[in-house]
Structure formats: C-alpha cells, structure tokens
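J.: pasted the sequence and its predicted model underneath.
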Amino acid sequence: MNRKILALAIPSIISNITVPLLGLVDVAIVGHLGAPAYIGAIAVGGMLFNMLYWLFGFLRMGTSGLTSQAYGRRDLGEVAQSFVRSVSVGLGLSVLLILLQYPVLLIAFCLIETTPEIESYARLYFHICIWGAPAVLGLYSFAGWFVGMQNSRFPMYIALVQNIVNIVASLSFVYIGGLGIAGVAFGTLLAQYAGLLMAIYLWATYYQRLWSYINWKNIFHYEAIRKFFQLNRDIFLRTLCLVAVTTFFTSQGAEQGEIILAVNTLLMQLFTLFSYIMDGFAYAGEALGGRYIGAKNGTDLRRMIRHLFMWGFGIAVLFTLLYSVGGNAFLGLLTDEPEVLEASQAYFYWTLAIPLAGVAAFLWDGIYIGATSSLHMLYSMAISSALFFITDFGLENVLGNHALWLAFLLYLFSRGIVLTGYAPKHILRKAE
C-alpha cells in the first residue's frame, strides 16, 4: 500500500512544485526589461487568472473522483465517458470565458486599484493569455482523468513540458522578437497549448482503445449530467468559501499596514510549501479512495486511509521540525528587509502549528473527492469558514494580527475535525 501511495504522491508533488514556475519565469523575464510597470502588470494579470481558473478547479477534482470510481468498478465505458463529458464541459466554459473577457476585465479593474500604465499592460497581457482558456480548462480535465486512472506521472510530464516551452518561447519572443510584455504573454499561451497537445498525445498513445467503449447516447444522459453538475456545483461553492478566506486574509493584513502585509505574505509561503507536499498525498487519496469505493473494497480502503494518515502526520511532524530549525533562514532568502524580518518574529510561532493543524484537512479532502462526497466537503468548508470569520471579527480588536492567524489555524483544524466526523457514514460505508 505504501508503494501505491508514493507512486501517486511523488509525481503529483513534483507537478505541484512546477506550477508556480510558470509565473516566476514571467516575472524574472520582465524584471530585466527596465520597466517596473511590467512587473506590476504580470502580478495583476497573474492574480486575475489565478482567481479565474481557481474557480474552475472542480473540473479536475470532479473528474478524478468519478473516473477513479468507474476504474474501480472496471466500468470502461463510464471511464471513457467521464473523460469526454469533462472535456466537453471544460471547452464550453472556456469559450464562455473568451466571450466574457471584456466584462471580466471591467469588473476586475473596478475592484483593483492600480496605475494607468500598469492597467494598460495588464489588459494587454490578459487579452492575449485568455485565449489559453481552452488549453487550461482542458488540462484540468485531462489531469483529473489521469489521476482517476491511477496515473499521476502523465500530469508531471505535461507540467515539465509546459515549463520548458514557456522558458524557451518567452525568452525568444522577448529578446529575439522584441515583443516586451506581449512576448511573455505569447510564451505563456504557447506553453499552455504545448501542454494540451502533450496530454492529447499521451491519451491517444496509451488510452485510445477506450474510445471503442464509449456509448455516445449516454455521454449527456440526464442522470450522468445531473451527477456531474451536482458534484461540481458543491466543489465550486466550496472553492468560493476557500477564495473568500484567502482573500480576506490578505486584505486584513493590508489594512494593518505594509509591514504586516509583507509579514503575512512571507509566512504564508511556509504554508504554501507544505501544501504542495500534502496535495500530492491528497491526490493519492483521491485516486485510491475512489478506486476502492468503486470496487466495494472496504478492507483496502481502510488500509489505505491508515497508511495515508501515517505518511501525512509523519511529514507534518517533519515540517514542524524543519520550520522550527530553518524557518527564519528561509524567510531570509525571501527578503532582506530587516524591518519585515524583525516583525515576522512575533507571528512566526503560528506557522509552526500549520502542518499539524492542516494535515487532516488536506488528506480528507483528497479522500472525499475520490468518494465524490462533495456535499460534505462543502459543509465542512462552510463551517470552518464561518469559524474563521467569527474568530477574527471577535478578537481582532484584542489580538490584532494574532487573531487573523488564530482564525486561520482554527479554520484548517476544524475542516479536518468535521471531515473526520463525517467519514464513517459518508466514506467508509460507500465501500460496503
């Protein structure tokens, strides 16, 4: 069982770590063009796409759960049909995003205050990169389907190809073509479609035989579509809660001044680093959990959960030790501002509690996605988000920024507690 978990988790961790490289490469390139507004434009444009595409993450998660259960049942027809269904919905949503790009930007810049120069460059970047929506949402469907098929290596290969193409194309467009920020946008766009072509190639090479199992009359059968959209509706609403918490966390830090905002941003990098690792194990929980539920194999499901949590808590303890020993040195790599580093010491101990407070939430999220128990994921997120806001609003006048960190830790911990309470009835019984 450990071998199965690691075979799925390790490639997913590598994929997760490569994701921010796309944005970092863009920033690094424009950072040497001698126009500070370019960096601001990339930051604003990247934020818009992160928020926009984050809302459609249900395409990956929903597809993973449905596919892994069909795989466990050995229902090859549903395995193939879940793929076609997801890709079709993703392409439809991407066309909608392209058509609505002007209203989206209008609303965005009503909410974001920036200089006219940065806004102009950000609009240019956005209008080029939005044409990558079919590739991005299509890749969400491919990635979810591959994970559901117990294959996390292919998403890793795709992520590596995207990063290589992005580096080569962006450098060529900017320094050879002289296209400036437009060159960076075109490089990102080309990388997205290179990833999609890689996904299509891998699917056609290794899974093309599944095409013959598709019953085209059942692709958009009412019951299948109802289940697909109900699952994805719950995940979408859960994502909205998550976005609300993370956005509020940032805005509350900003209200307390630029030093506290910088401190919170730096300390959250420790959470982000931990999340890249734990998400890899959550993907393993998705794939194996759905597989064993689909196969009605309760014995292996319980065994997988035990092993997964052993890995999770072991890694959480390891990260706590690493942060306690080297966390301050890591912060020193991110900034050399003495005022920010000094201010961070008052809040640093909160980050030491993050791994153990959040481990159960990460792992159960993956298992619940595999079990397609999305409604109970939504319940847990709604309860923990409410607790987050109640804690911060109730204590901010007394504890200041400490109230925000306490609220965040309670939010993580309560998610794990609620999901643990639901598990016997809504996860384990599904495999009986």
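T.: Everything's here; your move. Owing to the predicted nature of the structure, the values given are computational and were not obtained by experimental measurement. Numbers count the residues shown, from 1 in each chain.

J.: contacts made by the worst-scoring helix or strand of the chain on mean pLDDT with the rest, please.
T.: Of all helical and strand segments in the chain, the minimum by mean pLDDT, DSSP states H and E falls on helix 36-54, at a mean of 74. Helix 36-54 is contacted by residues 23, 26-27, 30-31, 97, 104-105, 108, 112, 114-115, 117-122, 124-126, 129, 136-137, 140, 180-181, 184-185, 239, 243 when judged by CB atoms under 8 Å, 6 or more residues apart in numbering. Any C-beta I mention is one placed from the backbone N, CA and C, and that applies to glycine too.

J.: okay, angle between the helix or strand containing residue 182 and helix 36-54 too, please.
T.: Using DSSP states H and E, the element containing residue 182 is helix 181-206. Relative orientation of helix 181-206 and helix 36-54, computed by axes from the mean of the first three to the mean of the last three CA atoms, to 10 degrees: 30 degrees.

J.: quick one on the thing from earlier: in helices only, show me the contacts of helix 36-54.
T.: 23, 26-27, 30, 97, 104-105, 108, 117-122, 124-126, 129, 136-137, 140, 181, 184-185, 239, 243 (DSSP state H).

J.: where in the chain is pLDDT low?
T.: 20-24, 27-28, 30-40, 111-114, 222, 254, 258, 333-337 (pLDDT under 70).

J.: residues near residue 128, how many?
T.: Counted with other CB atoms under 10 Å, the neighbours of residue 128 add up to 20.

J.: now it: closest residue in space that isn't a chain neighbour?
T.: Distance criterion CB to CB, 6 or more residues apart in numbering; nearest residue to residue 128, sequence neighbours excluded, is residue 185 at 3.7 Å.

J.: contact partners for the one you found?
T.: 45, 124-125, 128-129.

J.: CSV for those residues, including distance to residue 383?
T.: Below are the contacts of residue 185 laid out as CSV (distance: CB to CB, whole Å):
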residue, distance to residue 383
45, 34
124, 42
125, 38
128, 41
129, 36
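
J.: for the residues you listed, pick the one with the most neighbours.
T.: residue 45 leads these on contacts (other CB under 10 Å) with 28 neighbours.

J.: now that residue: closest residue in space, sequence neighbours ignored.
T.: residue 125 (3.9 Å).

J.: I'd assumed residue 183 was in contact with that neighbour.
T.: No: in this structure residue 125 lies outside contact range of residue 183 using CB atoms under 8 Å: 10.5 Å.

J.: who's in contact with residue 302?
T.: residue 428.

J.: so it is in which element?
T.: Here residue 302 is assigned to helix 298-334, by DSSP H and E.

J.: flag every buried residue along that helix.
T.: Residues of helix 298-334 classed as buried by neighbour count (16 or more other CB atoms under 10 Å): 300-301, 304-305, 307-309, 311-312, 315-316, 319-320, 323, 327, 331, 334.

J.: coming back round to it: report the inter-axis angle for the helix holding residue 182 versus helix 116-129.
T.: 20 degrees.

J.: got the buried residues for helix 181-206?
T.: Neighbour-count burial for helix 181-206 [16+ other CB under 10 Å]: 181-196, 198-199, 202-203.

J.: ok, residues contacting stretch 339-358?
T.: 259-260, 262-264, 266-267, 270-271, 274-275, 278, 313, 315-317, 319-320, 323-324, 327-328, 331-332, 335, 401-402, 405-406, 408-409, 412-413, 416.

J.: scratch that, stretch 215-235
T.: So stretch 215-235 is in contact with 57-59, 61-62, 65-66, 77, 81-82, 84-86, 88-89, 369, 372, 374-375, 377-378, going by CB under 8 Å, 6+ apart.

J.: give me that answer again for 7 Å
T.: With CB atoms under 7 Å, 6 or more residues apart in numbering as the test, stretch 215-235 has contacts from 58, 61-62, 65, 77, 81, 84-85, 372, 374-375, 377-378.

J.: including secondary structure and distance to residue 345, could those residues go into TSV?
T.: TSV is the format used below for the contacts of stretch 215-235 (DSSP: H, G, I helix; E, B strand; the rest coil; distance: CB to CB, whole Å):
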residue	secondary structure	distance to residue 345
58	helix	39
61	helix	37
62	helix	42
65	helix	42
77	helix	59
81	helix	55
84	helix	54
85	helix	51
372	coil	44
374	helix	41
375	helix	42
377	helix	36
378	helix	38
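
J.: pull the most distant pair out of those.
T.: Within these, 77 and 378 form the most distant pair, 29.2 Å apart (CB to CB).

J.: who has more neighbours, those two?
T.: Neighbour totals were compared for residue 77 and residue 378, and residue 378 leads with 20 against 14 (other CB under 10 Å).

J.: the more buried one against residue 238, yeah?
T.: Yes: between residue 378 and residue 238 there is a contact under CB atoms under 7 Å: 4.7 Å.

J.: quick revisit: for ChimeraX, write the select line for the buried members of the ones in helices among the contacts of helix 36-54.
T.: With 16+ other CB under 10 Å as the criterion, this ChimeraX line picks the buried residues out of the ones in helices among the contacts of helix 36-54:
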select :23,26,30,97,105,108,118,119,121,122,124,125,126,129,136,137,140,181,184,185,239
